[in-house]
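# Predicted model, plus sequence, below.
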Amino acid sequence: MTRAILVRAHGGPEVLTLETVAVGAPGPGEIRVKNHAIGINFVDTYQRSGLYPVPLPFVAGNEGMGTITALGPEVTGFHLGQRVAYQGPVGAYADERLLPAARVVPVPDSIADETAAAALLKGTTAWYLLHETHRIKPGDTVLIHAAAGGTGHLLVQWAKALGARVIGTAGGPEKVALGRAAGADLMIDYRAGGFVDAVRAATNGRGVDVVYDGVGQSTFEGSLDCLRPRGLMVSFGNASGPVSIPRLMVLAEKGSLYLTRPTSAAYLGTPEALRTAAAALFAAIASGTLSVPIGHRYPLEAAAEAHRGLEARETTGAGVLLV
Ligand SMILES: NC(=O)c1ccc[n+]([C@@H]2O[C@H](COP(=O)([O-])OP(=O)(O)OC[C@H]3O[C@@H](n4cnc5c(N)ncnc54)[C@H](OP(=O)(O)O)[C@@H]3O)[C@@H](O)[C@H]2O)c1
């Protein structure tokens, strides 16, 4: 038996309840992992609220790090006691869990437990957004929203390391300072006012090459207005609410823009793709290219408090649950 945070009905943070559940033995292709730390991600809140459908009941959470306690039949390339991290499927908010070996990667000795738990999902997302959704080149100018958040903070650092000029947005002076410290050339406090005029001014009216927008509803229209003709809008999340597809002609009117809504499933859905992205992430952390500040630590049983803080825009960097 193990402690786990269950969602039995969709709703606010209060639906997250601590229960005791059976873990069982791993089936074919499965691994059992004893968690050391669990990454907190905005997607966890979408699944809890029902915005992203997951059959009820389910154990919340999509990312974690721990050691292997059992290997199912047909699992190769892993051993008992090995330090590993994983992203997806749901079930991370628990002391111990089962999951497909295909979603698990080894953690190098140089990467601390909490760092691996906090960084794998957000960091591999940053990797594919900057290397595959659009391949950043030196001289690109990019706009990154929520630049002090878990994913945004990694995007800023990595985009800078790849040679981009980075404009970031964040809510409030403390977050603006964090974005600057991460390397952003210009930070805009979009809680104090709009961001479009400031981006236009900073690019001499041209607009940016790419917008990375994980905020969604409240920034989507403005983000389109920040792009240069034929620029790329990467709408990769909906922290402020889901985006409705605009009239297709909007893209024409604003300069023959490109629009994409990427997902980890489409980019990192195979074990090979996940391993490639994870290896690049861990190498970037080990070399100092990326730092992963852990802004918030909670015990497993305080998962609801963690969700409240995340949804209230009170957090910076990445958060972890500790078991
Ligand atoms: N597509 C993918 O593959 C993928 C993978 C990972 C993450 N994501 C997306 O990336 C985004 C960031 O995820 P994360 O886990 O790293 O979260 P996070 O950035 O640490 O937290 C979300 C941030 O969004 C900003 N925000 C703006 N308006 C908000 C509102 N109304 N409510 C809540 N937050 C608001 C807040 O920063 P400010 O206060 O600075 O505005 C907040 O801190 C999410 O949309 C997530 O779904 C997508």
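Alright, I've got the coordinates.

# Doesn't residue 18 lie inside a helix?
No. Counting by DSSP: H, G, I helix; E, B strand; the rest coil, residue 18 is not found in a helix; it is strand.

# Spatially nearest residue to it, not counting backbone neighbours?
Once flanking residues are discounted, residue 18 sits nearest to residue 301: 4.9 Å by C-beta to C-beta, 6 or more residues apart in numbering. (Glycine included, C-beta is placed from N, CA and C.)

# all helices of the stretch 51-200 of the chain, in order?
Assigned by DSSP state H, counting those that start in this stretch, the stretch 51-200 of the chain shows helices spanning 113-128, 150-161, 173-181, 196-202.

# JSON lines for the ones you listed, including mean pLDDT?
Formatted as JSON lines, the helices of the stretch 51-200 of the chain follow (pLDDT from 0 to 100):
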{"stretch": "helix 113-128", "mean pLDDT": "98"}
{"stretch": "helix 150-161", "mean pLDDT": "98"}
{"stretch": "helix 173-181", "mean pLDDT": "98"}
{"stretch": "helix 196-202", "mean pLDDT": "98"}
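
# got the residues of the stretch 151-300 of the chain near the ligand?
Residues of the stretch 151-300 of the chain lying near the ligand by C-beta under 6 Å from any ligand atom: 151-152, 170-171, 175, 214-215, 218, 236-240, 262-264.

# In the stretch 201-323 of the chain, mark out all the strands, start to finish.
Ranges of strands in the stretch 201-323 of the chain, per DSSP state E, counting those that start in this stretch, are 208-213, 227-235, 258-260, 294-299, 318-322.

# Partner strands of the third one, with direction?
It refers to strand 258-260. Looking at strand 258-260 with DSSP bridges, its partner strands are strand 227-235 (parallel).

# Point out the most buried one among the strands of the stretch 201-323 of the chain.
strand 208-213 (a mean of 26; mean count of other C-beta atoms under 10 Å).

# remind me which residues of the stretch 101-250 of the chain are low pLDDT?
Of all residues in the stretch 101-250 of the chain, none has pLDDT under 70.
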